[in-house]
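**Q** Quick one, fold the following:
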Amino acid sequence: MSETPRPWRHQTDHGVRLELHIQPGAKKTSVCGEYNNALKIRLAAPPVDGKANDALLRFLADAFSVPLRNVALIRGELARQKTVVIHNPVQFPVWF
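**A** Okay, the predicted model is just below:
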């Protein structure tokens with residue numbers, strides 16, 4: 001893990017916790033910087049029927065090279081501000 005302190009990134013006993021600001025309905029899924037002490041992620045999924053949450057968890061599982069079961073949404077199911085935990089990450093993406 002990079003040593004640069006970020007307010008949205010926290011080490012846990014078995015992985016990392018991320019504070020996120022989500023923008024659903026974008027043209028493509030991407031990390032686009034920081035917003036109010038959170039990592040901002042644009043999602044190419046609509047905010048209906050849990051589609052944006054599913055897309056977010058899949059995006060993070062792929063980015064950290066973990067199975068989907070290792071990514072958990074622990075806060076913000078219906079909000080733009082979310083907290084996600086990634087258990088036992090295999091790799092860290094460049095934006096991390």
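
**Q** Please make it C-alpha for all contacts and neighbour counts, starting now.
**A** Fine.

**Q** Check which residues of the helix or strand where R58 lies are buried.
**A** Take DSSP states H and E as the rule and R58 turns out to sit in helix 51-63. Buried residues in helix 51-63, counted by 16 or more other CA atoms under 10 Å: A52, N53, A55, L56, L57, R58, F59, L60, A61, A63.

**Q** got the contact list for the closest residue to the fifth one other than its chain neighbours?
**A** Excluding the flanking residues, the one nearest L57 by CA to CA, 6 or more residues apart in numbering is V71, at 6.2 Å. For V71, the set of contacting residues under the criterion of CA atoms under 8 Å, 6 or more residues apart in numbering consists of L57, L60, A61, V84, V85, I86, H87.

**Q** what sits opposite V71 in the beta ladder?
**A** In this structure, V71 bridges to I86 when assessed by DSSP bridges.

**Q** Using the three-state scheme, assign V31.
**A** Under DSSP: H, G, I helix; E, B strand; the rest coil, V31 falls in the strand class.

**Q** how close does the closest residue to it other than its chain neighbours sit to F96?
**A** Distance criterion CA to CA, 6+ apart; nearest residue to V31, sequence neighbours excluded, is I41 at 4.4 Å. I41 sits 12 Å away from F96, going by CA to CA, to the nearest Å.

**Q** And these two? Which one has more around it.
**A** Higher neighbour count among I41 and F96: I41, with 22 against 16, using other CA atoms under 10 Å.

**Q** Now do the more buried one, the pLDDT please.
**A** Here the pLDDT value assigned to I41 is 98.

**Q** Kindly report the same for the one 5 residues further on.
**A** On the pLDDT scale, P46 is placed at 93.

**Q** can you check P24 too?
**A** In this model, P24 carries a pLDDT of 95.

**Q** What about it, how many residues nearby?
**A** P24 has 22 nearby residues by other CA under 10 Å.

**Q** before we move on, what about L39?
**A** 23.

**Q** what bridges to the residue nearest to it when sequence neighbours are not counted?
**A** Spatial nearest neighbour of L39, excluding adjacent residues (CA to CA, 6+ apart): L20 at 4.8 Å. Beta bridges link L20 to L39, K82 when assigned by DSSP bridges.
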